[in-house]
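Participant: sequence plus predicted model, see below.
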Amino acid sequence: MSNADRIQPYAQNPFYWQYKGAPVLLLGGSVEDNLFQIADIEDQLDLLHSLGGNYVRCTMSSRDEDDAWPFERNPDTGLYDLAQPGQDYWTRFERFLNLCAERDIIVQIEVWDRFDFARGPWQDNPYNPKNNINYTVEESGLAESINSHPGQKESAFFHTIPVLKNNALVLRYQQAQLVELLKRSLPYPNVLYCMDNETNESPEWGKFWSLQIKDQAGESIVQTTEMWDAWDLQSTQHRHTLDHPELYSFFDLSQNNHRHAEEHWQNPQLIRQYIIDSGHIRPMNSVKIYGANTGHFGTHRDAQERLWRNIFGGLASSRFHRPDAGLGLSEIAQAHIRSLRDLTDRIDIFTCTPNNDLLDARSANEAYCTAKPGIEYAVFFPDGGNVVLDTEAAAGNMIGVQWLDIRKSVWLAEQMIEAGKRLQLVTPKEEGYWAVIVKVAE
């Protein structure tokens, strides 16, 4: 497939993606983060596709029961050989890529997941010296036991590159693993590359792997980023992505999904302006939306609101995180993905911009607006509401006003009226998730 068809920033508005030459908004949710490992993968992708979803996360992780690891294991000794790629692991991965490509689903890979390299998962990890035939603790510098949270940075696995510990012995196996990954992923046009999951390691680590991917891609266009651990988007960690467009072609701000309401909206707006001021416009992705009553990072309501604020706030992608910390592809998530896709298909989201300044008589977290003033407007209400929309740019034109009951994915009848300078918007019910499109008649 030609470079023109590969996933890349949209030429006419690089805040968004284009795929196969056309702009595309990425929406998703899934039951797992390492989706290629699950048994019923095809059913999961079919369900997502049926909702209008087209975006999944793929950590290259193996820490769950029945997951394959990326190296072959001797059944007699129980030891791995890091020089032998794991056939089951890579077969699963390649099948997953093929199934996603068939459905035009975009895959965002995380090459290294730090949670595989500490505590319980490290005890099963092939890179642990006690689990392979390739090196000892003394030779590798890797400890057999790491009992701390990976955020404590006690794993030497993430220090192997030349500018850090220059651990050539372990690095050669890491590089060989990346070769196996890229051998399978590079032929596919629907893959985005993130270096890590929630890292707080040296920025040199992500830089090294981003350059490795670009080098091995040759003439093929690839898109890379890093996912930092910091919840605060103003943290210097995130500057290592934002200030280096030569390394990273998009920005993942998933950690902002620990924030709530107005703060959750405002933080990406500050980053959006920072990107504009930089002169290097790039997509902002959110590959995981936290929030579920079963987890510790917000509620069901938080997750539902976050999806809509992300997209109305100008993000190029948004995906519900896996249970139990997210809504995954539950019935609630399905309704929101279906409704948001339906709404964004009815407007040109790629020419709209976040426009809360057009809303008056608005209380905190009451409503959020994206618009192309004078042409079309969309407003999201997390829990009913009553606001005034500035329609002066459309004054004198006939406009259609149509409400969407998000939970039911049902549109109410459109009303045609003549636009004045202001339009009062009152949700059909006092509670519930609602959205409205206000559009100048053609």
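Facilitator: Sure thing, it's come through.
Participant: what pLDDT is listed against Glu442?
Facilitator: Glu442 is assigned 85 on the pLDDT scale.
Participant: all helices for this protein, in order.
Facilitator: 41-50, 87-102, 119-124, 137-140, 168-185, 203-217, 236-242, 261-278, 300-312, 331-346 (DSSP state H).
Participant: can I get those in JSON lines with mean pLDDT and mean neighbour count?
Facilitator: Where C-beta positions appear, they are placed from N, C-alpha and C, glycine not excepted. What follows is those, written out as JSON lines (pLDDT from 0 to 100; neighbours: other CB atoms under 10 Å):
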{"stretch": "helix 41-50", "mean pLDDT": "98", "mean neighbour count": "17"}
{"stretch": "helix 87-102", "mean pLDDT": "99", "mean neighbour count": "18"}
{"stretch": "helix 119-124", "mean pLDDT": "98", "mean neighbour count": "16"}
{"stretch": "helix 137-140", "mean pLDDT": "99", "mean neighbour count": "13"}
{"stretch": "helix 168-185", "mean pLDDT": "99", "mean neighbour count": "17"}
{"stretch": "helix 203-217", "mean pLDDT": "99", "mean neighbour count": "18"}
{"stretch": "helix 236-242", "mean pLDDT": "99", "mean neighbour count": "18"}
{"stretch": "helix 261-278", "mean pLDDT": "99", "mean neighbour count": "16"}
{"stretch": "helix 300-312", "mean pLDDT": "99", "mean neighbour count": "25"}
{"stretch": "helix 331-346", "mean pLDDT": "99", "mean neighbour count": "20"}
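Participant: redo these as TSV? Include distance to Val426.
Facilitator: Shown next, in TSV, are these (distance: least, CB to CB, whole Å):
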stretch	distance to Val426
helix 41-50	33
helix 87-102	42
helix 119-124	51
helix 137-140	65
helix 168-185	49
helix 203-217	48
helix 236-242	39
helix 261-278	21
helix 300-312	19
helix 331-346	19
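Participant: center of this structure - which residue?
Facilitator: Central residue of the chain (CA atoms, centre = their mean): Val287, 1.5 Å from the mean position.
Participant: where's it relative to Phe250, distance?
Facilitator: 10 Å (CB to CB, to the nearest Å).
Participant: can you give me the strands for the stretch 301-442 of the chain?
Facilitator: Per DSSP state E, counting those that start in this stretch, the stretch 301-442 of the chain carries strands over the ranges 317-320, 353-354, 359-360, 368-372, 376-381, 386-390, 398-405, 410-411, 415-418, 422-426, 434-440.
Participant: tell me which of those strands sits most buried.
Facilitator: strand 317-320 (a mean of 30; mean count of other CB atoms under 10 Å).
Participant: what is the rounded mean pLDDT of that strand?
Facilitator: 99.
Participant: name the residues that touch that strand?
Facilitator: 17, 25-30, 55-57, 106, 108, 283, 285-289, 303, 306-307, 310-311, 326-329, 333, 336-337 (CB atoms under 8 Å, 6 or more residues apart in numbering).
Participant: chain center to it, what's the gap?
Facilitator: For strand 317-320, the separation from the chain centroid amounts to 5 Å (computed by CA atoms, centre = their mean, to the nearest Å).
Participant: and if you look at stretch 109-116?
Facilitator: With CA atoms, centre = their mean as the basis, the mean position of stretch 109-116 lies at 14 Å from the chain mean.
Participant: which residues does Lys408 contact?
Facilitator: With CB under 8 Å, 6+ apart, Lys408 has these contacts: Ala335.
Participant: swap in 10 Å and give it another go.
Facilitator: Ala335, Arg338, Ser339, Gly432, Tyr433 (CB atoms under 10 Å, 6 or more residues apart in numbering).
Participant: wait, isn't the second one in contact with Leu329?
Facilitator: Right, Arg338. No - here Arg338 lies out of contact with Leu329, judged by CB atoms under 10 Å, at a distance of 11.3 Å.
Participant: re earlier: shared neighbours of Val287 and Phe250, anything?
Facilitator: Joint contacts of Val287 and Phe250 (CB under 10 Å, 6+ apart) are Gln108, Leu192, Cys194, Thr225, Ser317.
Participant: any idea of the pLDDT on the nearest residue to the third one once chain neighbours are set aside?
Facilitator: Going back to what we said before, that points to Cys194. Excluding the flanking residues, the one nearest Cys194 by CB to CB, 6 or more residues apart in numbering is Glu110, at 4.7 Å. Glu110 carries a pLDDT value of 99.
Participant: which member of the contacts of Lys408 is positioned nearest Glu102?
Facilitator: Arg338 (20.8 Å; CB to CB).
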